[in-house]
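Trainee: Fold the following and give me the result.
(2 chains)
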Amino acid sequence: MIRQTGAVLYKELLTELRQPSRISGIFFFALALVLLVGVASPSGVVLQKMAAATLWLGLMLASTRSLDQSYQVELEHNALEGMVLWPVDPRSVYYGKALANTLMLLLVCIALTPLVLAMCDAGIEGDPLYFIALLIAGCAGLAAPGTLFGLITGQARGSSVLLPLLLFPLVVPMLLAGARGTMLVMEGGPAAEMEAPGWLRVLVVFNLLHWSLGGLFYGYIIEDG
Amino acid sequence: MAAGAAIEFQQVARRFGPRWALGGITLSVQAGEGLMLTGHNGSGKSTLLRCLATALKLHHGEIRVDGQDLWANRHSLRSRIGFLSHAGYLYDDLSGADNLRVWARLGGITADPHALLERVGLPPKRLDPVRTYSAGMRRRLALARLMLQTPSIVLLDEPYTALDADGRKLVTEIAVTLRESGATLFMATHLVAYASEACDRHITLLDGKLVGDEPLEKR
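Mentor: Take a look at the predicted model:
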């Protein structure tokens, strides 16, 4: 299973490498949103307070674009069915795709974070390791349920509309925890030291739940899809 | 190549919505046999092959491969089945060699993609993505993908589609080679003249029912 998961991940990354316009499209989509928030914000102080939320909003919307595209590639010539019949373990398909989606979101995150910090004139006053850990857990937490729901909506007409409808209500608790934790780390001080680990733990639990359930249910959905 | 597999179809039926695409097919196939499936469009040829490939679940009846229920044992039996489908199972953004590399990795297969591309008449060093290929070139690449495997059951669904005369000859050659190495072959086609070279039994379907089953005379 680990070998096949690696092979699916290799396939996903090779596809992204051969078609870099996809990842840049996702980044510019997120960037446009962040800029809009920046321009519409009433004052510098408010904007500073909104930096963490702006970053998470950009990530959330970028994730729907990224997840939707990851299934379009599979559906062009029904390659997903080809993988099942090859046969590739459905859990390997899930974990390979979810890992690739996490990496794509992390790339967007790496490009977006300095821009958001600069635009909002915000810094990271708390422990930067917590900041990084929160973002990694956030990207993984968006990718895990998104990869599962992307499979369900991918074959439906209007999948780009359906995916956020199903995904957003599910990831709201994770987004709230991520935005709150990130904001605290950005502001620093004793509150960050006391509360940020708690918010990170919420994200870790959310991830454990979704990464386990995703692997469990993916096989059933892919066979009956 | 693994030895061919004996296959039993017992009252195999499959519907799409209210319409029965297969209406109770009963058929016995010996290991190593070559079956040519013919019939008009919508007669159930592709559905039968997709059921045998385990891409579709049966709504009635069962298929047994060497005595084992195919659907119940699909996870272990799938590695014995090679399926050339209409879809081709290719990645448009990757080159032909990249596609073969990806599928080889997924199957844990060691293969030289360039040699396979040459075997099916595609330029081995071509780096442009599959989306720039013609329909015939895609079909050849899908054939190369099939040849990565060593299946004991080979399912070819309209393998001659979009191919020129050389390509059609190539398909027949590959099918004959697979048969010679012991594989059981199912080929759905309208091109009887080409397919009969590789098959020894002619099955005819009409509206999802088996209406003809006769041996093929070798020319």
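
Trainee: and the spatially closest residue to B:K57 that is not a sequence neighbour, backbone torsions?
Mentor: Closest residue in space to B:K57, ignoring its immediate chain neighbours: B:W71 at 6.3 Å, by CB to CB, 6 or more residues apart in numbering or on different chains. For every residue, glycine as well, the C-beta is placed using N, CA and C. With angles defined as degrees, to the nearest 10, B:W71 sits at phi -70, psi -40.

Trainee: Run through chain A and note the low-pLDDT ranges.
Mentor: Counting by pLDDT under 70, the ranges of chain A that qualify are A:158-159, A:224-225.

Trainee: Get me the contact residues on it for chain B.
Mentor: A:3-4, A:7-8, A:10-11, A:14-15, A:18-19, A:73, A:76-79, A:81-88, A:223-224 (CB under 8 Å from any CB of the partner chain).

Trainee: The residues you listed, buried ones only, as a ChimeraX selection?
Mentor: The ChimeraX selection below is limited to those of the residues of chain A next to chain B classed as buried (16 or more other CB atoms under 10 Å in any protein chain shown):
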select /A:4,7,8,10,11,14,15,18,19,73,77,78,79,81,82,83,84,85,86,87,88
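
Trainee: So which of the residues of chain A next to chain B sit within strands?
Mentor: The strands, defined by DSSP state E, take in nothing from the residues of chain A next to chain B.

Trainee: in chain A, what residue is nearest chain B?
Mentor: Per CB to the nearest CB, A:G82 is where chain A lies closest to chain B, at 2.9 Å.

Trainee: quick one, what contacts that residue?
Mentor: A:G82 makes contacts with B:85, B:87, B:89, B:103, as judged by CB atoms under 8 Å, 6 or more residues apart in numbering or on different chains.

Trainee: Lowest-confidence member of the residues you listed, which is it?
Mentor: Lowest in pLDDT among the contacts of A:G82 is B:A87, which has 90.

Trainee: right, and it touches A:M83 too?
Mentor: No. Between B:A87 and A:M83 there is no contact under CB atoms under 8 Å: 12.0 Å.

Trainee: Does the closest residue to chain A within chain B belong to a helix, a strand or coil?
Mentor: Closest approach of chain B to chain A (CB to the nearest CB) occurs at B:Y89, with a separation of 2.9 Å. Reduced to three states with DSSP: H, G, I helix; E, B strand; the rest coil, the structure at B:Y89 is coil.

Trainee: Skipping adjacent residues, who's closest to it in space?
Mentor: Leaving aside its chain neighbours, B:Y89 sits nearest to A:G82 (2.9 Å; criterion: CB to CB, 6+ apart).

Trainee: ok, back up a step: now, the residues of chain A next to chain B that are in helices?
Mentor: A:3-4, A:7-8, A:10-11, A:14-15, A:18, A:73, A:79, A:81-85, A:223-224 (DSSP state H).

Trainee: Would you quantify the distance from the closest residue to A:E81 other than its chain neighbours to B:S76?
Mentor: Nearest residue to A:E81, sequence neighbours excluded (CB to CB, 6+ apart): B:A55, at 5.8 Å. For B:A55, the distance to B:S76 equals 16 Å [CB to CB, to the nearest Å].

Trainee: and what of B:R168?
Mentor: In this view, B:R168 and B:S76 are 34 Å apart by CB to CB.

Trainee: do B:H86 as well
Mentor: B:H86 is 26 Å from B:S76, by CB to CB.

Trainee: repeat for B:M187
Mentor: From B:M187 over to B:S76 the distance is 25 Å, taken as CB to CB.

Trainee: And A:L208, by the same measure?
Mentor: A:L208 sits 31 Å away from B:S76, going by CB to CB.

Trainee: returning to that earlier point: ok, of the contacts of A:G82, which one's closest to B:R140?
Mentor: The nearest member of the contacts of A:G82 to B:R140, counting by CB to CB, is B:Y89 at 13.8 Å.

Trainee: returning to that earlier point: in the contacts of A:G82, which residue is surrounded by the most others?
Mentor: For the contacts of A:G82, the largest neighbour count, defined by other CB atoms under 10 Å in any protein chain shown, is 27 neighbours, found at B:W103.

Trainee: okay, now residue 162: neighbour count?
Mentor: Since you didn't name a chain, this refers to chain A. For A:L162, using other CB under 10 Å, the count is 17.

Trainee: other chain: chain B
Mentor: By other CB under 10 Å, the residues close to B:A162 number 13.

Trainee: so what's it closest to, chain neighbours aside?
Mentor: Spatial nearest neighbour of B:A162, excluding adjacent residues (CB to CB, 6+ apart): B:A135 at 3.8 Å.

Trainee: circling back to that earlier point, roughly how far does the residue nearest to B:Y89 sit from A:V93?
Mentor: For A:G82 relative to A:V93 (CB to CB), the value is 11 Å.

Trainee: What are the buried residues along stretch B:46-63?
Mentor: Taking 16+ other CB under 10 Å as the criterion, stretch B:46-63 shows B:46-56, B:58, B:61, B:63 as buried.

Trainee: Does the residue of chain B closest to chain A touch A:H77 like I think?
Mentor: Yes. Under the contact definition of CB under 8 Å, B:Y89 touches A:H77, with a separation of 5.8 Å.

Trainee: Need the residues touching each of the two.
Mentor: With CB under 8 Å, 6+ apart, B:Y89 and A:H77 have no common neighbours.

Trainee: tell me which strands and helices the lowest-mean-pLDDT helix or strand in chain B is in contact with?
Mentor: When the helices and strands of chain B are compared on mean pLDDT, DSSP states H and E, helix B:192-195 comes out lowest with a mean of 89. Helix B:192-195 sits against strand B:34-38, helix B:165-180, with contacts defined as 3 or more CB pairs under 8 Å, 6 or more residues apart in numbering or on different chains; DSSP states H and E.

Trainee: residues in contact with the last one?
Mentor: Read that as helix B:165-180. With CB under 8 Å, 6+ apart as the test, helix B:165-180 has contacts from B:1, B:32, B:34, B:120-121, B:136, B:139-140, B:143, B:147, B:151, B:154, B:156, B:159-160, B:163, B:185, B:187, B:191, B:194-195, B:197-199.

Trainee: Perfect, that will be all.
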